[in-house]
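Peer 1: take a look and give me a structure for this.
(one chain, ligands or ions: 3)
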Amino acid sequence: MLRLAIQKSGRLSEDSLALIRECGISFVSSSYKLKTEATNFPLEILFLRDDDIPGYVQDGVADLGIVGQNVLVEAGFPGLEVEALGFSKCRLSLAVPRADAYASVEALQGKNIATSYPNILGRYLAEQGVRANLHTISGSVEIAPSIGLAEAICDIVSSGSTLLGNGLREVETVFRSEAVLIAQPHLTPGQTDLLEQLRFRMQAVRRARRSKYILLNAPLSALEEVRRLLPGIKSPTVTPLAEPGWVSVQSVVQEDEFWHITSQLKAVGAEGILVLPIEKMIA
Ligand SMILES: Nc1ncnc2c1ncn2[C@@H]1O[C@H](COP(=O)(O)OP(=O)(O)OP(=O)(O)O)[C@@H](O)[C@H]1O
Ligand SMILES: O=P(O)(O)OC[C@H]1O[C@H](OP(=O)(O)OP(=O)(O)O)[C@H](O)[C@@H]1O
Ligand SMILES: [Mg+2]
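Peer 2: Ligands and ions are numbered 1, 2, ... in the order given. Sure, this is the predicted structure:
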């Protein structure tokens, strides 16, 4: 049996639950139940505050966890990471009031900086040779300059709208983060085997999310061009159509190059292009 700790409610919750479910693991969850057992995999899920997850996994209270690298590194346990999960991408940045002059990180020398990440920020400033006074607060950090608590802040930024809404300007990126799977250091051989099964499923889900299945018709004369545009995993599947001189081509394309490739496919004569999601993709 493995115990997996995920965030109860917050930025990581929805994607963590979706990933576990897409791995084919079924369980019942409700907002007041803080522990649930999967019905078709030896997994117990604990719903916790994200800040508590690295410590619980380090101590073996939970075997696995899903947290942001920001929280993991701040807690001082970066070695627990076993798999990057690709969601909740954000950065930890320094920001100052929009009207303030700022040439370089030197400008923060001797200043008061509010943050929830004193360890990551402290290390960054030390590397830059900057001495500042860090004020640790646990939330609503962006308010600090406007109430006279600090001259600068260091907090999580994603779209930048929280900074904008509070009259702040991002000036330095201190740390880049995404959600990661973490594991306690002393898993039994049986638990290690279960962890590997889970990672295998997670990788298949992530690969599938990045890929699309594409089907199209093309004149035989354009086949070489089409094959060049759609290399596929090994090579595309090509089958003749009932209409002479035409073939049907099936392949896999990456989500991020999909629009670019389909416009080129049309340009070489492809027709009837269908694009389908892929549910799982095994390497
Ligand atoms: N705006 C954002 N965009 C993307 N990821 C984010 C964003 N804000 C936070 N995250 C990531 O999600 C994690 C959880 O953020 P959230 O704001 O839900 O934490 P929290 O308020 O500390 O929650 P908890 O109540 O569990 O302590 C962060 O540690 C970070 O890794
Ligand atoms: O750059 P943005 O897209 O605006 O995102 C950044 C904000 O998101 C997070 O807070 P969240 O909204 O999760 O609220 P919280 O402070 O209650 O955790 C983070 O603490 C920032 O305040
Ligand atoms: Mg938290």
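Peer 1: those helices in the protein, which residues are they?
Peer 2: 13-22, 53-59, 69-75, 118-128, 161-165, 189-210, 223-229, 258-267 (DSSP state H).
Peer 1: dump the residue contacts of E37.
Peer 2: 27, 43-45 (Cβ atoms under 8 Å, 6 or more residues apart in numbering). Glycine gets a C-beta too; all of them are placed from N, C-alpha and C.
Peer 1: can you pick the most crowded of those?
Peer 2: I45 (24 neighbours; other Cβ atoms under 10 Å).
Peer 1: my read: that residue touches I6, true?
Peer 2: Yes. Counting by Cβ atoms under 8 Å, I6 is a contact partner of I45 at 6.3 Å.
Peer 1: now V253: how far from ligand 2?
Peer 2: 30 Å (Cβ to the nearest ligand atom, to the nearest Å).
Peer 1: give me the number of residues near that residue?
Peer 2: The burial count for V253: 22, using other Cβ under 10 Å.
Peer 1: is it true that F41 touches I25?
Peer 2: Yes. Contact criterion Cβ under 8 Å: F41 and I25 qualify, at 4.6 Å.
Peer 1: how much space separates the nearest residue to A107 once chain neighbours are set aside from ligand 3?
Peer 2: Distances taken as Cβ to Cβ, 6 or more residues apart in numbering put A101 closest to A107, at 7.1 Å, once the chain neighbours are dropped. Noted for A101: a distance of 33 Å to ligand 3, by Cβ to the ion, to the nearest Å.
Peer 1: ok, L276 next?
Peer 2: 38 Å.
Peer 1: do you know the pLDDT at the closest residue to that residue other than its chain neighbours?
Peer 2: Nearest in space to L276, with sequence neighbours left out and distances taken as Cβ to Cβ, 6+ apart, is Y213 at 4.4 Å. If you check Y213, the pLDDT there is 95.
Peer 1: what's the answer for I233, then?
Peer 2: 79.
Peer 1: who's the closest residue in space to it that isn't next to it in sequence bridged to?
Peer 2: Closest residue in space to I233, ignoring its immediate chain neighbours: V252 at 5.7 Å, by Cβ to Cβ, 6+ apart. In this structure, V252 bridges to Y213 when assessed by DSSP bridges.
Peer 1: hmm, G232 and V252 touching each other?
Peer 2: Yes. Counting by Cβ under 8 Å, G232 is a contact partner of V252 at 5.6 Å.
Peer 1: please identify which of the two sits among more neighbours.
Peer 2: Counted by other Cβ under 10 Å, V252 and G232 do not tie: V252 has more neighbours, with 19 against 14.
Peer 1: list the contacts for the more buried one?
Peer 2: 211-214, 232-233, 278, 281.
Peer 1: could you turn the buried ones of those residues into a PyMOL selection?
Peer 2: Entered in PyMOL, the line below selects the buried ones among the contacts of V252, by 16 or more other Cβ atoms under 10 Å:
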select buried, resi 211+212+213+214+281
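Peer 1: hmm, back to that, and among the helices of the chain, the most buried is which?
Peer 2: Per-stretch averages of neighbours, counted by mean count of other Cβ atoms under 10 Å, single out helix 69-75 among the helices of the chain, with a mean of 22.
Peer 1: so what touches that one?
Peer 2: By Cβ under 8 Å, 6+ apart, helix 69-75 touches 50-51, 53-55, 58, 78, 80-81, 90, 92, 117, 119-120, 156, 175-180, 182.
Peer 1: tell me how far that helix lies from the chain's centre.
Peer 2: 14 Å (Cα atoms, centre = their mean, to the nearest Å).
Peer 1: need phi/psi at the residue nearest the centre of the chain.
Peer 2: In the chain, the C-alpha nearest the mean C-alpha coordinate belongs to F87, at 2.0 Å (Cα atoms, centre = their mean). As for F87, its main-chain torsions (degrees, to the nearest 10) stand at phi -120, psi 180.
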